[in-house]
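Sequence and predicted structure are below.
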Amino acid sequence: MEYDFTYLTNIVNPFFAMQIYNTLTRRKETFEPLHPWKVGLYACGVTVYDDCHLGHARSCVAFEVMVRHLRRRGYEVTWVRNYTDIDDKIIRRAQETGAAWDAVAQRYIASFKEDMAALGVPPAQIEPLATEHIPEMLEIIRVLVEKGFAYQGAPGGDVYFRVGKFPGYGKLSGQSLEDIQAGARLEIDPHKEDPLDFVLWKASKPEEPAWPSPWGPGRPGWHIECSAMSMKYLGETLDLHGGGLDLIFPHHENELAQSEAATGKPFVRYWLHHGLLTIDQEKMSKSLGNFFTIKEVLAKFHPEVVRFFLINSHYRSPLDFSDAALREAEAALLRLYTTLGKLEDLKKQFPDISGPVPADFFSGVLTADEIARLRALPERFAAAMDDDFNTAQALGYMFEAVRLVNRLLEHPSAEPGFVAFLAEVRRNLVDLGYVLNLLQSDPREMLATLRQKAEDLQISTEEIERLIAERSAARKNKDWARADAIRKELLERGILLEDTPQGTIWRVKT
Ligand SMILES: [Zn+2]
C-alpha cells in the first residue's frame, strides 16, 4: 500500500482531525475509520456502454484527490472503483450495433482507461467487474430470501427486495416511505408485492446474457452489484462510499437497505456525494443529450487544465461547464506555472544557496503577517483539505502564495536568505500540488505546451471521427499510404491513434 508522509513531517500539530460531510447524517463529522489508519473507499464506477462524459471525470478526479489527501495524512487507503459491465443500456447498445454485449463492455472499458490515463487519474487498487462477481451477488440474495427480505415474484421470474420489511428504508435520502411513494412514478408490476420493491435478480429474456441461479437463469440488478463488490473487498462495513448526488436515490438507498438487511451491520460509516456537472445549469447526462465526452474536452484543453477546472470548486457544489470556464482555468493554471517557472530559474541561478532569513529581511515588500502566511502554506493547505476536502480553499491558499511570491520577485536579490526562502516556497507549491495532481510538470515545458495547445488544436471531434473512418476504409482497401497519411496528419494536429481489437481509439497528445 502507498503512504505519503510529507505532511506528517511538515505539520506542527500532528493531532489533526478530518471533517467529512456525511450524506446519511447531513452534517460534517470527525472522520474515524473502522480500523486505525486503514481506510476503505468504494466509489461507484461507470456503466460501460459509451464514451464517458466530463461528469464521469469529475467523479473520478474528486475521489482520486480524496485518496491522495488521505494517503498524505498517513492512512493506508484501499480504493475500489467498479465497472458495471452488464446492464440494459449495454444490451441495448449491443443490439443496436450488432456487436456482442461483452465486446461493447470491453470496448468502453478500454475507452474509459484511455480517458483516465489522459487525465492522469491513476487506476484504483481494485477495479472489479460486475460479471466476475455473480456468485457473491447470488449469495447475498440467498441470505435475503432466507431472512424474508426478498422474494421471487413468479416461478422463473424476477427476485425483488421487500422494501416494507426494512425499517430504515429512506434514511439515506431523507425520505419517508410516503414521500417516496408520492414522489416516484412507480410502475404497477403484478409480480411485485409493493410498487417500491426493487429488483435484485432479473430473469433473462431470450437472446439476453444469462447466468444460472437458484431462481432460474438471469442477470443481476444494478444495486446488488455494488453491495457484492464493495463488501467483498472492503468488508461488511465500509468507511467511505460515494458517487454523484444522483446516485443517492435509488441506487445507494437500495444498496444500503439490501446490505444492512443481509448482514445486520451498518453498511457505510460516511457517505460521500459529489455535485453534478451542469451545462447552462442543467445536469450533464447522456439521457438529456447535453454532454461533452472527456475526449471532446481533451481535444480542446490540456488535461491539467481540465483537472484544475474540476477541482477548483468544492466537490459537493454543482459545477457549470462552459468553454469560457475552461479558458479561465487555463489562464489560472498559466499563472501558477509562470511563477513556478520564475522560481525554477532562480533555483538554477543559485543552486546551492541555503541559510536563515533575517527577521526584517522582507520589510517594505511583505508584512510580517504575509511572510507568516507564506511560511504556513503547507499547514493551511492541509487544514483546508481536512475540512471536507476543500480543494477550492486549498487552491485559494496556493494562489495567495503565488501573489505574494510575485511581489517578492519584483525586488530580486542574490542574498542567500532571499533565495533560500523562495526555494522553500517553490518546494511547498510543487509538493502540495502533488495532492491535487497539479503542478508536477516542468514549468517551461508546460508553459510552452499550454500556449501552443490554445493555438494549435483547431480540430473538432467530428473531423477526428471522420478521418478515423476514412483511415479504416483505406486500411480495408489495403491503401496503406493513405492510412498512414491520415495517421500522420492527425498526429501533427495533436491527436494520437491506437488500433485495438475493438477498433481505433484516439486521444490528445500531451
Ligand atoms: Zn454503485
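Okay, I see it.

before we move on, which element is H56 in?
Assigned by DSSP states H and E, H56 falls within helix 54-72.

ok, now Y21?
Element membership for Y21 (DSSP H and E) is strand 19-22.

So what's the gap between that strand and the chain middle?
Relative to its parent chain, strand 19-22 has a centroid offset of 18 Å by CA atoms, centre = their mean, to the nearest Å.

May I have whatever helix or strand F418 lives in as PDB, with CA atoms only?
Secondary structure from DSSP H and E places F418 in helix 416-436. Provided in PDB are the C-alpha atoms of helix 416-436 (Å, rounded to 0.1, in the frame of the first residue of the first chain):
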ATOM      1  CA  PRO A 416      21.200  33.700   0.400                       C
ATOM      2  CA  GLY A 417      18.200  34.300   2.700                       C
ATOM      3  CA  PHE A 418      16.000  35.500  -0.200                       C
ATOM      4  CA  VAL A 419      16.900  32.700  -2.500                       C
ATOM      5  CA  ALA A 420      16.600  30.000   0.200                       C
ATOM      6  CA  PHE A 421      13.200  31.300   1.300                       C
ATOM      7  CA  LEU A 422      11.800  31.200  -2.200                       C
ATOM      8  CA  ALA A 423      13.300  27.800  -2.900                       C
ATOM      9  CA  GLU A 424      11.300  26.600   0.100                       C
ATOM     10  CA  VAL A 425       8.100  28.200  -1.200                       C
ATOM     11  CA  ARG A 426       8.700  26.500  -4.600                       C
ATOM     12  CA  ARG A 427       9.200  23.100  -2.900                       C
ATOM     13  CA  ASN A 428       6.000  23.600  -1.000                       C
ATOM     14  CA  LEU A 429       4.000  24.600  -4.100                       C
ATOM     15  CA  VAL A 430       5.100  21.500  -6.000                       C
ATOM     16  CA  ASP A 431       4.700  19.200  -3.000                       C
ATOM     17  CA  LEU A 432       1.200  20.400  -2.300                       C
ATOM     18  CA  GLY A 433       0.400  20.300  -6.000                       C
ATOM     19  CA  TYR A 434       1.000  16.600  -5.800                       C
ATOM     20  CA  VAL A 435      -2.000  16.100  -3.600                       C
ATOM     21  CA  LEU A 436      -4.200  17.700  -6.300                       C
END
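
Does anything pack onto it? Which helices or strands?
helix 54-72, helix 323-349, helix 377-386, helix 391-409 (3 or more CB pairs under 8 Å, 6 or more residues apart in numbering; DSSP states H and E). No exception for glycine: its C-beta is placed from N, CA and C like everyone else's.

Which helix or strand lies directly C-terminal to that helix?
helix 443-456.

That following helix to helix 416-436, inter-axis angle?
50 degrees (axes from the mean of the first three to the mean of the last three CA atoms, to 10 degrees).

List the contacts of helix 443-456.
If you take CB atoms under 8 Å, 6 or more residues apart in numbering as the criterion, helix 443-456 is touched by 301-302, 304-305, 330, 333-334, 337-338, 340-341, 344, 441, 493-494, 510.

Would you mark the buried spots in the helix holding F418?
417-419, 421-423, 425-426, 428-433, 435-436 (16 or more other CB atoms under 10 Å).

Quick check: which ranges of this protein have low pLDDT?
1-14, 184-186, 286-287, 355, 358-361, 363, 453-458, 461, 500-502, 507-510 (pLDDT under 70).

Walk me through the domains of it.
Following automatic domain parsing, the chain resolves into domains at 6-144+221-321, 337-440, 456-508.

now those domains in a markdown table, with distance to the ion?
Output for those, formatted as a markdown table (distance: least, CB to the ion, whole Å):
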| stretch | distance to the ion |
| --- | --- |
| domain 6-144+221-321 | 3 |
| domain 337-440 | 20 |
| domain 456-508 | 25 |
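
neighbouring contacts of the following helix or strand past the strand holding Y21?
As assigned by DSSP H and E, the chain's next helix or strand after strand 19-22 is strand 27-30. Applying CB under 8 Å, 6+ apart, the external contacts of strand 27-30 come out as A17, M18, Q19, I20, Y21, N22, Y270, D387, D388.

repeat that with 10 Å
A17, M18, Q19, I20, Y21, N22, R269, Y270, D386, D387, D388 (CB atoms under 10 Å, 6 or more residues apart in numbering).
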